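Novice: Let me see the structure of the following:
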Amino acid sequence: MTPSYGGLALEIVVPVFNEESVLESSITRLAEYLTNEMPSTWKITIADNASTDRTPVIAARLSEHLPNVEYRRLEVKGRGFALRDAWGASEARVLAYLDVDLSTDLVALPPLVAPLLSGHSDISIGTRLGQSSRVSRGPKREFISRSYNFLLRRTMQVRFSDAQCGFKAIRADVAQRLLPHVEDNGWFFDTELLIIAERSGLRIHEIPVDWVDDPDSRVDIKQTALDDLRGMIRVASSLVRGSIPVQAIYAELGRRPIAPPGRPSFFGQVIRFGLVGMVSTLAFALLYLVLQGPFSAQEANFLALLLTAVGNTAANRRFTFGISGPSKLFTQQIQGLIVFLLAWAITSSSLIVLHAATPGAIPGVELLTLTGANVFATLMRFVLLRLWVFRVRRADEMVVPLAVAQIGGAPR
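Specialist: Numbers count the residues shown, from 1 in each chain. Got it, this is the predicted structure:
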C-alpha cells in the first residue's frame, strides 16, 4: 500500500468532543497499531470541536509526545465541521476517520485504505451489517440501525449497506470535489457524502468489520434519527432540483461504464410518493388560503391544485419513479394534468356536497373537507401515475443500458 510518489499516504482524523476519559488510551492504542501494522506513511489528527473538559490539554500533550500525532481545535460543535476542517487542510493521499471509542476492530484498517491507495476505489466504508460482520450491541440500537439503513436504501436507491459506521476513508481528490456539496455538519454528514458519491458514479468499497458498542455513547438516538430524516428529504429535494452537479462530478471522476439508477421498488415508490404528496398537500393548503381572498372557493381550489400539480408531476417523475431526461417529458406532463383534472373533479365535488349540506360553511371546514378529498385523490393519482403516466415498458428498459454504455467514451 506504500504510494510510489512518496509523501504522506494516510491521515486519520479522530473527531472528539469532551472525550477526556478515553482520548489518551485510544490515541495511544491507534498510534501503536499504525506503527506496527501500517506499511504506508501516516498521521493521526485529533480534531477537537469545542470540547469544554480536559480534552484540549490531553490532546495537546499527545501531539507533543507521540510522533505523527497532530492536534486541531474548532470552536464549533459537529463531526462534519471537524472532518471538513481537517480533511481540507490535509496533504495526504487518503483521508480517513475513526470514532474515538475505537469500537471497530483496528485490524480492518489496512483493508479499508488499501483500495484507495491503489486507486481501485473512491470511498471505503466499514459495514456492521455484512454477513461476516461480528457486532456486539443492544437490540434497540441494532433495530434502529437496520431500520435506518433499510429506509435509506429503499427511498434513496443507494446500494451501500451501513451509512453511519464511524470507520470510513476517502481519496483526497474525491473529498475535495464532494465536500462543497455536503451541507450537513452533524451526524448526517456521512450519509449525505455517500449519497452524493454514489449518485455521481463513484465506487464505494465496503468491508465487514468487528464492532463492539460503546456503553458510554452519548448520541441522542431520537434527535439523530429526526435530523437524519430531515437530511434525507433535503438531499432528495436537491437531487430533484439538480442543485447537486452529479453529472459534472460523474464526468470528472465517475467510473465507466455505469449502470443507471434502478427504478425504485414498489415500497420505495410509495415512500417517495408520500413525501412528495406531503409537500404538495402543504403547498396546496397554503395556496388555497392565500387565493381564497381574491377568488371564490372553487376558483381558489382550482388554481391551488393547478400550481401544485405541475411541480408534483415533475417531482414524482424524477424522484418517485426514477425517470430523468427529456424523453416523453411533454407527454407525461399532459398526462399529469389529466390526472390533475380528475383530482380537481373529486375535490370540487366535495365542496359541492359540503355547500349543499352546510350552506355558508366557514373556510376552516372547507379546508378540512378539501384535505380529506385530497387524500382520496392522492391514492388515485399514485395508481394512475404508476400504471399509466410513468409506466416503464420492457422495450424502454432494454434501451436505457445501451444509451448509458455510450456515455463518456472508454472505461476508466
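Novice: Check the secondary structure at the residue sitting nearest the centre point of the chain for me.
Specialist: Centroid-nearest residue in the chain: E192, 3.8 Å away (criterion: Cα atoms, centre = their mean). For E192, the assignment made with DSSP: H, G, I helix; E, B strand; the rest coil gives helix.
Novice: check contacts around it.
Specialist: Residues in contact with E192 (Cβ atoms under 8 Å, 6 or more residues apart in numbering) are 182-184, 231, 235. Just so you know, the C-beta spots here come from the backbone N, C-alpha and C atoms, and that holds for glycine as well.
Novice: Just the buried residues out of those residues, in PyMOL syntax.
Specialist: Listed next is the PyMOL selection for buried residues among those, using 16 or more other Cβ atoms under 10 Å:
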select buried, resi 182+184+231+235
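Novice: and the contacts of E192, which of them are in helices?
Specialist: Among those, the members falling in helices (DSSP state H) are 231, 235.
Novice: so how many other residues sit close to the residue nearest to A197 when sequence neighbours are not counted?
Specialist: Distances taken as Cβ to Cβ, 6 or more residues apart in numbering put I123 closest to A197, at 5.4 Å, once the chain neighbours are dropped. By other Cβ atoms under 10 Å, the residues close to I123 number 23.
Novice: give me phi/psi at I123?
Specialist: phi -130, psi 150 (degrees, to the nearest 10).
Novice: Pretty sure it sits against G201.
Specialist: No - counting by Cβ atoms under 8 Å, I123 sits too far from G201 to count as a contact (12.0 Å).
Novice: circling back to that earlier point, max pairwise distance over the contacts of E192: which two?
Specialist: Farthest-apart pair in the contacts of E192 is V182 and G231; separation 10.2 Å (Cβ to Cβ).
Novice: Specify the local secondary structure of R72.
Specialist: strand.
Novice: separation between the closest residue in space to it that isn't next to it in sequence and W187?
Specialist: Nearest in space to R72, with sequence neighbours left out and distances taken as Cβ to Cβ, 6+ apart, is A47 at 5.3 Å. Distance of A47 to W187, given as Cβ to Cβ, to the nearest Å: 15 Å.
Novice: Over to V135?
Specialist: 19 Å.
Novice: Then F340?
Specialist: 39 Å.
Novice: Enumerate the positions of the helix or strand hosting A225 that are buried.
Specialist: Counting by DSSP states H and E, the element that carries A225 is helix 221-241. Using 16+ other Cβ under 10 Å as the test for burial, helix 221-241 gives 224, 228, 231-232, 235-236, 238-240.
Novice: Which strands and helices lie in contact with the strand or helix carrying Q298?
Specialist: For Q298, the enclosing helix or strand under DSSP H and E is helix 297-315. Contacts defined by 3 or more Cβ pairs under 8 Å, 6 or more residues apart in numbering; DSSP states H and E place helix 297-315 against helix 266-291, helix 329-357, helix 363-384.
Novice: average pLDDT across it?
Specialist: In this model, helix 297-315 has a mean pLDDT of 78.
Novice: hey, C-alpha coordinates of that helix in CSV?
Specialist: Coordinates of each C-alpha in helix 297-315 appear next as CSV, following Å, rounded to 0.1, in the frame of the first residue of the first chain:
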residue,chain,number,x,y,z
ALA,A,297,-63.7,28.7,-3.1
GLN,A,298,-64.0,26.8,-6.3
GLU,A,299,-61.6,29.1,-8.2
ALA,A,300,-59.1,29.0,-5.3
ASN,A,301,-59.2,25.3,-5.2
PHE,A,302,-58.6,25.0,-9.0
LEU,A,303,-55.7,27.4,-9.0
ALA,A,304,-54.1,25.9,-6.0
LEU,A,305,-54.4,22.4,-7.5
LEU,A,306,-53.1,23.6,-10.9
LEU,A,307,-50.0,25.3,-9.4
THR,A,308,-49.1,22.3,-7.3
ALA,A,309,-49.9,19.7,-10.0
VAL,A,310,-47.1,20.8,-12.3
GLY,A,311,-44.5,20.7,-9.6
ASN,A,312,-45.9,17.4,-8.2
THR,A,313,-45.7,15.7,-11.6
ALA,A,314,-42.1,16.8,-12.1
ALA,A,315,-41.1,15.7,-8.6
